[in-house]
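Student: Starting from these lines, generate the structure:
(2 chains)
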Number of protein chains: 2
Amino acid sequence: MAPTNLTTGQDVRLASRDSTFQHPTPGLAPHHLQANLIILPSSHASDFRLLCRRNPVPCPLLAESASPGDYQNLKSHIPGVTGEQIAKDLDLRRDAPRYMVYQDGEAVESERGCLDVEKSWDSNDHIAFLIGCSFSFESALIEAGLGVSNITHGKNVPMYQTTLRLNDAGRFQNRTYVVSMRPYELGQIEAVKEVTRPFELTHGEPIAWGWKAVKDLGIKDITNPEYGDKPVCMNGEPFTEESGEVPVFWGCGVTPQDAVLGKAVEGVVLGHLPGHMLVLDLKEEDVFK
Amino acid sequence: MAPTNLTTGQDVRLASRDSTFQHPTPGLAPHHLQANLIILPSSHASDFRLLCRRNPVPCPLLAESASPGDYQNLKSHIPGVTGEQIAKDLDLRRDAPRYMVYQDGEAVESERGCLDVEKSWDSNDHIAFLIGCSFSFESALIEAGLGVSNITHGKNVPMYQTTLRLNDAGRFQNRTYVVSMRPYELGQIEAVKEVTRPFELTHGEPIAWGWKAVKDLGIKDITNPEYGDKPVCMNGEPFTEESGEVPVFWGCGVTPQDAVLGKAVEGVVLGHLPGHMLVLDLKEEDVFK
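Tutor: Next comes the predicted model:
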């Protein structure tokens, strides 16, 4: 469950930094943007930026390290917003609740990840990238009375590997979307689209919805997501094809983390543990109408 | 074959305007950008802009009518470039060699299209959108010694309908990529990628290549493209799985034209006939390094 004393981005970052908070971040610090973290060797940076520009729905690039090795200062990719406004007093090696470490494209950590990446961070070379996160529009869904079932029931959002191709970019070839899923009633879907559409920097409106989409996206088993918790309905029951709600899918910021796995990536890559985001100072009202 | 006297964008536009030129534009006015045209009722404009922002690889938005109904002046979407620099002395109703007309999402014209859309243009309401075209990087491929088989053999590029989903945007739901295809030898593919990668406003590097990609993209029959001419190898022979070259696929600017067909679109939509582009004053050197 979301601790109610963590109401700002800085609250969550400081509690993560000293490891008093180690959990998923959905529902924390309402109206503050949350970001996916992906930390790459500088030699991979230009291909990665291109990957983001060519796939802005799953990979909306918000900011990056001000220079290689810098874990404190950000260069903004959001027009009209400075790196300082996105987040200040940062330690990108410690400020997410949990991290993953990859060596030459293979996970080094267990699936629960680790609490910081201080030892793995290369202060001469690593560049951190911040990617928008769909948690940012969840407050809006809740305020519109549409609800978010996993938040109501204190769970991480379910995330699925799909077969939907990303647009290739440099060394990042043949990669596919990861999607997040939230169940809604059929009659709510138009409203869900409307509410999330303006959040362009955090995946915006759904990319697909309904049971046919599960097949089209090549999702193996809707009841067993590859990341996050198993899906639940609004009433807390397990979500299945019989439960009366339908799945709604958004581009997910785990996509770039998934995309930098495998043979094309050399060296040490770091990222947040899915669902355990970097929470920013930037608020929704600063970037969305 | 490309007439050699049409060396600038304005040459092609004026010859199209007086109907002395009525053919596909690959190879014309080398180093000038070519654009796909899609002309929509103003009520569809904001959804269409969102479609482009969410799908920049097949739908790179270069410019639009300066105001609803304006067929002479452009508002640029390219940072640092004005509408006047993109093309001046325009008549968007006549300056493409051939057009298509759609009523409520259904084609009105035969598959050869028509020579202008003066009568169909609504001077109070229609907004023209210019989308980047992969013909823009063909000169670069030729100069790099890689060749472009359809240009060598005087044919239009083959274009295929795929099952690869676009990211939904407003009323534009469940739409799919159209791709252009050029055959290359396996050993040339890395160079083909390198040469086309910088052309980000005109689809950039390939989205996929090889025979597995034909299946992954859901292309029905590589020898029978849905748009353009049948594919030929570098030696002019028909292109088949036995011919030793492999297919390389790029996002194609026919995608948005295809995306505005069907039930979601009301009223009169106009576009160029695939392959018969609007050629611009803007040159590659103005926008690509």
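Student: so who does residue A:284 touch?
Tutor: Contacts here follow Cβ atoms under 8 Å, 6 or more residues apart in numbering or on different chains; on that basis residue A:284 touches A:31, A:32, A:33, A:136, A:137, A:139, A:140, A:199. For every residue, glycine as well, the C-beta is placed using N, CA and C.
Student: nearest to residue B:79, of those residues?
Tutor: Looking at those and their distance to residue B:79, the nearest is residue A:199, at 23.0 Å (Cβ to Cβ).
Student: can you pull the pLDDT of the closest one?
Tutor: We have a pLDDT of 94 for residue A:199.
Student: circling back: can I get the contacts of residue A:284 in CSV with neighbour count and distance to chain B?
Tutor: As requested, the contacts of residue A:284 are exported to CSV (neighbours: other Cβ atoms under 10 Å in any protein chain shown; distance: Cβ to the nearest Cβ, whole Å):
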residue, neighbour count, distance to chain B
A:31, 16, 23
A:32, 25, 24
A:33, 30, 19
A:136, 26, 17
A:137, 25, 15
A:139, 17, 22
A:140, 18, 17
A:199, 22, 12
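Student: any idea which element residue A:154 lies in?
Tutor: Assigning secondary structure by DSSP states H and E places residue A:154 outside every helix and strand.
Student: and it, how many residues sit next to it?
Tutor: Burial of residue A:154, expressed as a neighbour count using other Cβ atoms under 10 Å in any protein chain shown, amounts to 15.
Student: go on, residue A:236?
Tutor: Here the count is done by other Cβ under 10 Å, and residue A:236 has 12 residues near it.
Student: Tell me the one of the contacts of residue A:284 nearest residue B:78?
Tutor: Residue B:78 lies nearest to residue A:199 out of the contacts of residue A:284, by Cβ to Cβ, at 25.3 Å.
Student: residues in contact with the residue of the stretch 1-150 of chain A found nearest chain B?
Tutor: When Cβ to the nearest Cβ is the measure, the stretch 1-150 of chain A has its nearest residue to chain B at residue A:57, with 4.5 Å between them. For residue A:57, the residues meeting the contact criterion (Cβ under 8 Å, 6+ apart) are A:203, A:204, A:207, A:251, B:54, B:167.
Student: which of these has the most neighbours?
Tutor: Looking at the contacts of residue A:57 with neighbours defined as other Cβ under 10 Å, the largest count falls to residue A:203 at 30 neighbours.
Student: any idea how far residue B:35 is from that residue?
Tutor: With distances defined as Cβ to Cβ, to the nearest Å, the gap from residue A:203 to residue B:35 amounts to 29 Å.
Student: same question, residue A:151
Tutor: Using Cβ to Cβ, residue A:151 is found at 45 Å from residue B:35.
Student: Looking at those two, which is more packed in?
Tutor: More crowded of residue A:151 and residue B:35, by other Cβ under 10 Å: residue B:35, with 30 against 20.
Student: wait, is the more buried one part of a helix?
Tutor: No - note on residue B:35: no helix contains this position according to DSSP: H, G, I helix; E, B strand; the rest coil, which reports strand.
Student: Could you pick out the residues of the stretch 1-150 of chain A near chain B for me?
Tutor: The stretch 1-150 of chain A comes close to chain B at residues A:50, A:53, A:54, A:56, A:57, as judged by Cβ under 8 Å from any Cβ of the partner chain.
Student: if you skip the residues just before and after it, what's nearest to the third one?
Tutor: Counting by Cβ to Cβ, 6 or more residues apart in numbering or on different chains, residue A:54 lies nearest to residue A:167, which is 4.1 Å off, once chain neighbours are set aside.
Student: Surely that neighbour and residue B:200 touch.
Tutor: No - checked against Cβ atoms under 8 Å, the pair residue A:167 and residue B:200 is beyond contact range at 10.9 Å.
Student: what residues are shared contacts of the two?
Tutor: Between them, residue A:167 and residue B:200 share the contacting residues residue A:54, judged by Cβ under 8 Å, 6+ apart.
Student: if you go through chain A in chain order, where are the helices?
Tutor: With DSSP state H as the criterion, chain A has helices at A:9-17, A:45-54, A:83-86, A:138-143, A:149-152, A:189-196, A:211-216, A:254-259, A:284-287.
Student: and the first one, how far from the chain's centre?
Tutor: I take that to be helix A:9-17. Here helix A:9-17 is found 17 Å from its chain centre; the criterion is Cα atoms, centre = their mean, to the nearest Å.
Student: mind showing which ranges of the stretch 151-289 of chain A have poor pLDDT?
Tutor: Low-confidence segments of the stretch 151-289 of chain A (pLDDT under 70): A:289.
Student: Report the closest residue of it relative to chain B.
Tutor: Using Cβ to the nearest Cβ, the point where the stretch 151-289 of chain A gets nearest to chain B is residue A:167, with a distance of 4.5 Å.
Student: Is stretch A:170-183 positioned near chain B?
Tutor: Yes - between stretch A:170-183 and chain B, judged by Cβ under 8 Å from any Cβ, the touching residues are A:170, A:174.
Student: still on that earlier bit, same list (the helices of chain A) but as CSV, adding distance to residue B:273.
Tutor: Formatted as CSV, the helices of chain A follow (distance: least, Cβ to Cβ, whole Å):
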stretch, distance to residue B:273
helix A:9-17, 52
helix A:45-54, 28
helix A:83-86, 46
helix A:138-143, 43
helix A:149-152, 48
helix A:189-196, 33
helix A:211-216, 30
helix A:254-259, 36
helix A:284-287, 40
